[in-house]
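1. no FASTA, just this:
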């Protein structure tokens, strides 16, 4: 069974929207505008590329990332790994041709079936709506969270507001940095 890892830049109040400067969000670019950059705080991002065997995202994140990441040296390892886009509206004709093998999954059942296959970890980038659905369905196995010392107020959140049973997490790695960032890696307890 494959491990599904959700990775996110997240504000202290749970917002994940617009961390890299995406248009349309009031506080867009909050990860680099408002917090001093310390390379050691982002070590986990490079490690994710080395350890992941595949990448997953929703349609909105795919459209944003596929326009930029294929030609970025910082994301070279992602270019060659298989990608999965969970979408009911994306078509094969919407996929870019310069970013390697990409498969469209149409449902959470497709994601669950993918997890049952052989292979290494699958990393989920961006994709607030998809993350909420995956979490609510019990499909996420681990969270890699870089928590920023910011309160952003409104914005897309990593976790849904669905009324559900408590989900216990086990902290397996953590570190605090001089700029106030915190790395928290949690395994989902089943």
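-> Sure, I can see it. Treat the numbers as computed from the prediction; the structure is a model and nothing was measured. Numbering: from 1, shown residues only.
2. so residue 145: helix, strand or coil?
-> The three-state assignment at residue 145 reads strand, by DSSP: H, G, I helix; E, B strand; the rest coil.
3. hmm, residue 184 and it touching each other?
-> Yes - Residue 145 lies in contact with residue 184 (Cβ atoms under 8 Å); the separation is 4.7 Å. Bear in mind the C-beta positions are built from the backbone N, C-alpha and C, glycine included.
4. just list the residues touching the spatially most central residue of the chain, thanks.
-> The C-alpha lying nearest the average C-alpha coordinate of the chain belongs to residue 125 (Cα atoms, centre = their mean; 2.4 Å). Residue 125 sits next to 7, 55, 56, 57, 61, 65 when contact means Cβ atoms under 8 Å, 6 or more residues apart in numbering.
5. now those residues in TSV, with distance to residue 29 and neighbour count?
-> Below are the contacts of residue 125 laid out as TSV (distance: Cβ to Cβ, whole Å; neighbours: other Cβ atoms under 10 Å):
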residue	distance to residue 29	neighbour count
7	19	21
55	23	28
56	24	27
57	20	24
61	16	22
65	16	23
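6. what about the residue nearest to the centre of the chain, distance to residue 178?
-> Remark: distance between residue 125 and residue 178 (Cβ to Cβ, to the nearest Å) = 26 Å.
7. tell me where this structure has helices.
-> 30-33, 43-51, 59-66, 76-80, 108-115, 128-136 (DSSP state H).
8. of those helices, which is nearest residue 94?
-> helix 59-66 (7.9 Å; Cβ to Cβ).
9. name the helices or strands packed onto the closest one?
-> For helix 59-66, the packing partners by 3 or more Cβ pairs under 8 Å, 6 or more residues apart in numbering; DSSP states H and E come out as strand 83-86.
10. other SSEs contacting the strand it packs on?
-> strand 54-58, helix 59-66, strand 102-105, helix 108-115.
11. looking at these, which is buried most?
-> strand 54-58 (a mean of 24; mean count of other Cβ atoms under 10 Å).
12. wait, isn't residue 3 in contact with residue 124?
-> No - Residue 3 is not in contact with residue 124 according to Cβ under 8 Å; the separation is 10.9 Å.
13. and those two? Which one has more around it.
-> residue 124 (26 against 18; other Cβ atoms under 10 Å).
14. out of the helices and strands in the chain, which is least certain?
-> helix 76-80 (a mean of 89; mean pLDDT, DSSP states H and E).
15. with adjacent residues omitted, what lies nearest to residue 99?
-> Nearest residue to residue 99, sequence neighbours excluded (Cβ to Cβ, 6 or more residues apart in numbering): residue 70, at 4.2 Å.
16. residue contacts, that neighbour?
-> Shown in contact with residue 70 (Cβ under 8 Å, 6+ apart): 79, 96, 98, 99.
17. distance-wise, check residue 117 relative to residue 181.
-> Taken as Cβ to Cβ, the span from residue 117 to residue 181 is 34 Å.
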